[in-house]
Structure formats: structure tokens, C-alpha cells
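[1] could you work out the structure for the sequence below:
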Amino acid sequence: MGGDFRYNAHRITLSSVDELYRFLTYHEKRYPLISAHRGGPSKGFPENALETFENNFRQQPLIIECDVRTTQDGVLVLLHDETLDRTTTGSGKLQEIEFSALKKLKLKDPEGNITSYRIPTLDEALQWGAGKVIFTLDVKRDVSYAAVIDAIRRHKAEAYCVIITYSADQAAAVHQLAPTIMISASIQSPADLLRLNDHNIPDNRLVAFIGTREADKPLYDLLHGHGILCILGTMGNLDKQASVRGDTVYSNLVDRGADILSTDRPIDAGRALQAYRNKHKLTSSFIK
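    Numbers count the residues shown, from 1 in each chain. Sure, this is the predicted structure:
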């Protein structure tokens, strides 16, 4: 990592949910960001681990996408899979194991190497992230939105949390439970936005996940016209393209309309976006 990439102004400091709305509302000088998919795992750093979050946060202003599941005794933890086998030294379904047993397990990095790191709770993550990052929380099917919202409120984390949803009905359920909390909604067509509007979800409560392929210009223009930022998932094909063709792939995606890149290559993509921000003299009062 080059010296130009490690810089001091990298905390996303939001003191209220109104500031979150302002930061995540589109305007011509919007500040494009990286979202580290599953926290941005790499060699020595497992997915959904606080140590991995810290490693990536030290490099750049960051959104962290992470996965929320629940143990048998109702403790909310960060884990992507239903089972423990792939990412931990344990085995079996998480829902069938009490939290006390998880404390004995260690996390594996993407290459399967055992680390000294352990499965964090959502509470620990929210406590760590205050004044540092924005979380987008992927709430798995076995977890109630109400439980996650309770945790967010307990930590007064509404100013730095966004809940991921996959349908207008899910978005409406979250909005009904917590009208102030921001929602990442799947919007890949004008009809998707209309369904959200029909549920009376205000535009300033939304960021749009437009999928893992670029949107066409009319969709970008529609969403930006509503003040809605667009998250493009580069994990998969677009990350592979960038690894082959060069990291300017990422800045080109932003040039064409993407606002947030959800990537498995946060360091490389982040370097490209920092160059883009420097070139276009993009700054934010919320980056400290």
C-alpha cells in the first residue's frame, strides 16, 4: 500500500441520523465510498471479524457490510453462513449452538488458516464502529429485524447504521418498526422504486443496491434525481475485471454513476477511489 493511500482523514463522523441522511444523499459533489463486503477479508483477516474491520478502516473512509445471525440462546453475532464449518474451527448450525460455546472457537481467514480472532457479537461491532464507519447490516432470515433495531437503539447507532433489505415488503417492515433508520433497498428498475414509494418510505431513508452489474444511465439518473445513492456490487465479475484490467475500472464505474462500490477488494478499490476524489477535489465535512 502506497504512502499516499494511508491518510489521516478517514473517520466517518456522524453525530445524528439527520447527518447520516445528508451524507448519504446524492448531489453532484457526492463523496464516493467503498463498502467492504463481509468486512473485507484477506490473508490473516477473516470475514465478519472486528480485527478485519479495523485493518480496512485504517486505510480509508469506509462502509462495512456485515452479516447478522443469532445463536440458540438469542445472541446476535456476525456470521455469514448458517453453519460454522467454513469460517470457524467449529461445526454445525449456528442456531443450534449457545453463545458460550462460540467463545471457544476461532475464525479462519479466506485461505482456511486459523487465526486468533473470534466471532464478534453485533453489540461489540456497534460499539467498535461509533465515530469510525457506517455499517450496512445484512440481517439473515433467522433473525428478527426488531432484535437488530433494538441493538441499534441500545447503542444509539442510528447515525451510522443502514439495514439491508431485499424486497419492498422487507423495507416496509423495517420502516414500520423504525421510521428513522436508513434502509438499503434492492432497486434495479423504476418499478422497484415505485413499490418503495407506495409503502411511503421517504427517499432520504433509502440507498439503492442496484445489483452486481452496472445500471443503465436512465436508472442512475432516476435514482440520483430522487437524491438516492447507488451501491454497485463489484464482488464477483467486476472485481475480477479490475484485477485483470487495472483498478481504474473502479473509478470508471463511479464516473458512470455508481456512488458506493461493495467490493471484495477494498484496499485496491479504495486506492482508485481516493485518486478519483483527489482528481475531482471531492471532500466531505463528515470525514475527519
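
[2] drop to CA atoms for contacts and neighbour counts, all remaining ones
    Fine.

[3] helices or strands up against the particular helix or strand that has V254 in it?
    Taking DSSP states H and E as the criterion, V254 maps to helix 248-255. If you count contacts as 3 or more C-alpha pairs under 8 Å, 6 or more residues apart in numbering; DSSP states H and E, helix 248-255 packs onto helix 237-245, helix 266-279.

[4] nearest to K29, of these?
    K29 lies closest to helix 266-279 among the helices and strands packed on helix 248-255, at 9.7 Å (C-alpha to C-alpha).

[5] now do the buried residues in the closest one.
    Going by neighbour count (16 or more other C-alpha atoms under 10 Å), the buried part of helix 266-279 is P266, I267, D268, A269, G270, R271, A272, L273, Q274, Y276, R277.

[6] using the three-state scheme, assign V207.
    Under the three-state scheme (DSSP: H, G, I helix; E, B strand; the rest coil), V207 adopts strand.

[7] what helices and strands are in contact with whichever strand in the chain runs longest?
    Among all segments of the chain classified by DSSP state E, the strand with the greatest residue count is strand 62-70. When contacts are defined as 3+ C-alpha pairs under 8 Å, 6+ apart, strand 62-70 sits against strand 33-36, strand 76-78, strand 134-139.

[8] let me see the contact set for the one residue sitting closest to the centre of the chain.
    For the chain, E65 is the residue whose C-alpha lies nearest the centre (C-alpha atoms, centre = their mean; 2.7 Å). Counting by C-alpha atoms under 8 Å, 6 or more residues apart in numbering, E65 touches S35, A36, H37, R38, G39, F135, T136, L137, D138, S262.

[9] give me the nearest residue to it, chain neighbours excluded.
    Nearest residue to E65, sequence neighbours excluded (C-alpha to C-alpha, 6 or more residues apart in numbering): T136, at 4.7 Å.

[10] and the nearest residue to L84 once chain neighbours are set aside, how close does it get to I34?
    Using C-alpha to C-alpha, 6+ apart and skipping residues adjacent in sequence, the residue nearest L84 is S91, 4.8 Å away. Separation of S91 from I34 (C-alpha to C-alpha, to the nearest Å) stands at 32 Å.

[11] and L137, by the same measure?
    15 Å.

[12] those two: which is more packed in?
    Neighbours were counted for L137 and for I34 using other C-alpha atoms under 10 Å; I34 has more, 28 against 22.

[13] list the contacts of D109.
    Counted by C-alpha under 8 Å, 6+ apart, D109 has contacts P41, S42, K43, G44, F45, P46, E47, T87, T115.
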